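Engineer: sharing a sequence plus its predicted fold:
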Amino acid sequence: MDHGIHIADCGDSAVVVKATGGGAWRVVHALADAIEAVRLHGVHGVVPTYDSLLVEFDCSATDHDTVHRALRGAAGRLAESPAPAPSPRRFTVPVVYGGEYGPDLPVVAEQLGLTEREVVDLHTARDLMVRCLGAPVGAPMMDGPAFPKPVPRLASPRTSVPPGSIAVAGRQAVICPMRSPGGWPLLGRTPLRVLDLDSEPLTPYRPGDIFRFVSITPEEWSDHDGAMLAAEAVARG
């Protein structure tokens, strides 16, 4: 253990860091930023999640011991002088819920013992923080709504989920950035684009940013259709 983290080998070309304690999420993301900043030779992938960090490297260019030393050094520097977290941005996401846009809304409502309206009300009731970027291509994995219990994944995943689909599973929420297979129940869909393959970075959001979903009618879809998701600054609390 080192500053609340445990570092271990993961196969022949990766190291995994597991953080403990209430600040685990911030620790692994600060470590990810620190490792990316030093541009360690041979490292080609740094993937932070909720409480762990995967560092992938070319085993012909570096080794586990070198990556371990870099991670311990970064952890020590952060313990002495914590890096300030970037200011979060707020993203407002219009969503058409139910019907062809959210075919699983009735099933989720039944599973939760709620009406469809109550599910939508809870999904739009509070800000949801992006915790990490997942598959495919930077999907924003965020805190879930305050549902009374976890939402089961689909028994049979779909082979094709439309881009912009708004999904939930367990205690998490996500927006599907591009057409792909998926096993999360779909509550609705946004007309906004959340991914631009010609931009750098590919997505306008990052971990720590805040999403707020807003219900719109199908008639309002065209008011937002094709627009790129954009953010506004959020004051730090």
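Structural biologist: Structure received.

Engineer: contacts for stretch 92-104, please.
Structural biologist: Contact with stretch 92-104 is made by 105-106, 116, 120, 123-124, 154, 166, 175, 185-192, 211-218, 220-221, 224, 229, as judged by C-beta atoms under 8 Å, 6 or more residues apart in numbering. All C-beta atoms are positioned from the backbone trio N, CA, C, and that covers glycine.

Engineer: are any of those residues buried, and which?
Structural biologist: The neighbour-count criterion (16 or more other C-beta atoms under 10 Å) marks 105, 116, 120, 123-124, 166, 175, 185-192, 211, 213, 215-216, 224, 229 among these as buried.

Engineer: so who does residue 126 touch?
Structural biologist: By C-beta under 8 Å, 6+ apart, the contact set of residue 126 is 145-146, 212.

Engineer: and residue 198, how far from residue 163?
Structural biologist: With distances taken as C-beta to C-beta, to the nearest Å, residue 198 is found 15 Å from residue 163.

Engineer: with only the CA atoms kept, save the longest helix anywhere in the chain in CSV.
Structural biologist: In the chain, taking DSSP state H as the definition, the longest helix is helix 64-80. What follows is helix 64-80, C-alpha atoms only, in CSV (Å, rounded to 0.1, in the frame of the first residue of the first chain):
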residue,chain,number,x,y,z
HIS,A,64,6.8,-3.3,-14.9
ASP,A,65,9.4,-2.0,-12.4
THR,A,66,9.8,1.2,-14.4
VAL,A,67,6.1,1.8,-14.5
HIS,A,68,5.8,0.9,-10.8
ARG,A,69,8.5,3.5,-9.9
ALA,A,70,6.8,6.2,-12.0
LEU,A,71,3.4,5.5,-10.3
ARG,A,72,4.9,5.5,-6.8
GLY,A,73,6.7,8.7,-7.6
ALA,A,74,3.6,10.4,-8.9
ALA,A,75,1.6,9.2,-5.9
GLY,A,76,4.2,10.6,-3.5
ARG,A,77,4.2,14.0,-5.3
LEU,A,78,0.4,14.1,-5.2
ALA,A,79,0.3,13.2,-1.5
GLU,A,80,2.7,16.1,-0.8
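
Engineer: could you check it and say which residues are buried?
Structural biologist: Here helix 64-80 shows 64, 66-68, 70-71, 74-75, 78 as buried, counting by 16+ other C-beta under 10 Å.

Engineer: for stretch 27-46, same thing?
Structural biologist: 27-35, 40, 43, 46.

Engineer: return the subset of the contacts of stretch 92-104 lying in strands.
Structural biologist: 166, 175, 186-189, 211-215 (DSSP state E).
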